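could you work out the structure for the sequence below:
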Amino acid sequence: MSIDLTVKLGIQGSTATKQITELKKELKNLDSQMKSVDTNTGNFNKDMQNMATKVDLTKTKINGLQSQLQAYNTKLKDASTRLNEAKAKQAELANSTETTAEEMEKANKAVESATTHYNNMRRGVEQTERALDSANKELQELEIAMKRMPLDNMAKKFESMGNTLKGVSSATAPLSLAITGFGTYAVKAAMDFDQSMKNVQAVSGATSDELEALTEKAREMGATTEFTAKEAADALYYMSLAGWDANQSMTGLPAVLDLATAAGMQLSVASDIVTDSLTAFGLQAEDASKFCDVLAQTSASSNTTVEMLGEAFKNVAPLAGAMGYNVSEVSLALGLMA
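Next up is the predicted model:
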């Protein structure tokens, strides 16, 4: 019996030692591959720099082609004037009975020369326009690729980490799946946010600089409120639909998010209440926070909710504003009638 037990323990101990040895090898391989991920990150930064250089070079090329096209158009206009004058002279001499053969030949050569020059300038314009179209298309593709690079790199990085962890052992499989799943979620969240900001730009007509500022504002709200950056971007979209410009939307965004949080209402509803009411009373985006405070105070002292009060405001605000009543007066009246 003791011999059997010793043998079993010996076998189990041997198996455990072998498993530990294999695990050490796998962990060493993991460390090596994680360093490879860091190296890939460095390569990605270089790729981004190279892409940025290509974008700058293409923009310089476009500027040069635009200047060249402008010069060609000026020359084409001059060539057209010269050709018309040569043809007019040719016609005048052809209709004159006193024109000599030498004068006619000279006029014909002038027309021929002017025609050749005009055609050369026209070809120059057409070739430059094609080159400019190609360069603009190239720039657009580069900018799209540059925007996609961070997302693609993120996906590859998480995928690499997940695949590496899969080989460690069955004990680490849940961690591997978690990281891989998080990578997928992170990429999707980033893509969804990017699409929301594109929607904001499409509706608001924001410039590149304004879009950058709007994007930073949405990310700031996503980091400092209970809403995500995408939800903050959606709120900006709703405000843009109401006709607010980029600056107004950025100024009013905190108040809209606070109202939605306090009342537990949807962002689209909160945005409509704020934008419609402020517009009706002739107020500015800077007044959004004060307006929301008035709603909260009235709701707390009357038998109504912030959302119900806000919806009532949307209905009466245009008429009340036109009659000269202010927000506090209308809010008090609505609270008394609730």
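
low-scoring pLDDT stretches of this structure, where are they?
1-45, 47-48, 146-189, 314, 317-318, 320-321, 325, 331-332, 335-338 (pLDDT under 70).

which segments of it make up each domain?
Split into domains by automatic domain parsing, the chain comes to 2-168, 193-337.

just those: most buried one?
domain 193-337 (a mean of 19; mean count of other Cβ atoms under 10 Å). C-beta coordinates here come from the backbone N, C-alpha and C atoms, glycine included.

run through the strands of the stretch 201-338 of the chain in chain order.
Under the criterion DSSP state E, counting those that start in this stretch, the stretch 201-338 of the chain contains no strands.

residue boundaries of the helices in it?
Using DSSP state H, counting those that start in this stretch, the helices of the stretch 201-338 of the chain run over 208-224, 229-241, 246-263, 267-280, 288-300, 306-322, 327-337.

pull the residues that contact the first one.
What that stands for is helix 208-224. The contact list for helix 208-224, computed with Cβ atoms under 8 Å, 6 or more residues apart in numbering, reads 193, 196-197, 200-201, 204, 206, 227-233, 236, 246-247, 249-250, 253-254, 257.

let me know the angle separating that helix from helix 246-263.
With axes from the mean of the first three to the mean of the last three Cα atoms, to 10 degrees applied, the angle from helix 208-224 to helix 246-263 works out at 20 degrees.

could you check the angle helix 229-241 makes with helix 208-224?
Using the same axes, to 10 degrees: helix 208-224 against helix 229-241 is 130 degrees.

please apply the same query to the third one.
In terms of direction (the same axes, to 10 degrees), helix 246-263 departs from helix 229-241 by 120 degrees.

which other helices and strands contact helix 246-263?
Applying 3 or more Cβ pairs under 8 Å, 6 or more residues apart in numbering; DSSP states H and E, one finds that helix 246-263 makes contact with helix 173-204, helix 208-224, helix 229-241, helix 267-280, helix 288-300, helix 306-322.

between those helices, which gets nearest to residue 105?
Closest to residue 105 of the helices and strands packed on helix 246-263 is helix 208-224 (Cβ to Cβ; 59.6 Å).

ok, residue 68 - contacts?
Taking Cβ under 8 Å, 6+ apart, one finds residue 128 in contact with residue 68.

residue contacts, the residue nearest to residue 225 when sequence neighbours are not counted?
Nearest non-adjacent residue to residue 225, counting by Cβ to Cβ, 6 or more residues apart in numbering: residue 257, 5.2 Å away. Residue 257 is in contact with 221, 225, 227, 232, 235, 267, 270, counting by Cβ under 8 Å, 6+ apart.

separation between residue 257 and residue 266?
When distance is defined by Cβ to Cβ, to the nearest Å, residue 257 is 12 Å away from residue 266.

and if you look at residue 220?
Distance of residue 220 to residue 266, given as Cβ to Cβ: 21 Å.

so which of the helices and strands packed on helix 246-263 comes closest to residue 127?
Proximity to residue 127, assessed across the helices and strands packed on helix 246-263 by Cβ to Cβ, is greatest for helix 208-224 (29.9 Å).

what helix or strand does residue 77 sit in?
If you go by DSSP states H and E, residue 77 is part of helix 2-94.

actually residue 135, sorry about that
Element membership of residue 135 [criterion: DSSP H and E] is helix 101-166.

nearest to residue 76, of the helices and strands packed on helix 246-263?
The closest of these to residue 76 is helix 208-224. By Cβ to Cβ, the value is 32.7 Å.

reformat the contacts of residue 257 as CSV; add distance to residue 76.
Formatted as CSV, the contacts of residue 257 follow (distance: Cβ to Cβ, whole Å):
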residue, distance to residue 76
221, 53
225, 58
227, 56
232, 51
235, 51
267, 55
270, 57
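
find the residue closest to residue 65 in space, skipping its chain neighbours.
Here the residue nearest residue 65, using Cβ to Cβ, 6+ apart, is residue 132, at 4.4 Å.

you'd agree the one you found is up against residue 64?
No. Using Cβ atoms under 8 Å, residue 132 makes no contact with residue 64, being 9.6 Å away.

what lies in contact with stretch 119-130?
Applying Cβ under 8 Å, 6+ apart, the contact partners of stretch 119-130 are 65, 68, 69, 72, 73, 75, 76, 79.

any idea how far residue 71 is from the first one?
It refers to residue 65. When distance is defined by Cβ to Cβ, residue 65 is 11 Å away from residue 71.

for residue 328, same thing?
Applying Cβ to Cβ, the value for residue 328 to residue 71 is 64 Å.

same check, this time on residue 252
Noted for residue 252: a distance of 48 Å to residue 71, by Cβ to Cβ.
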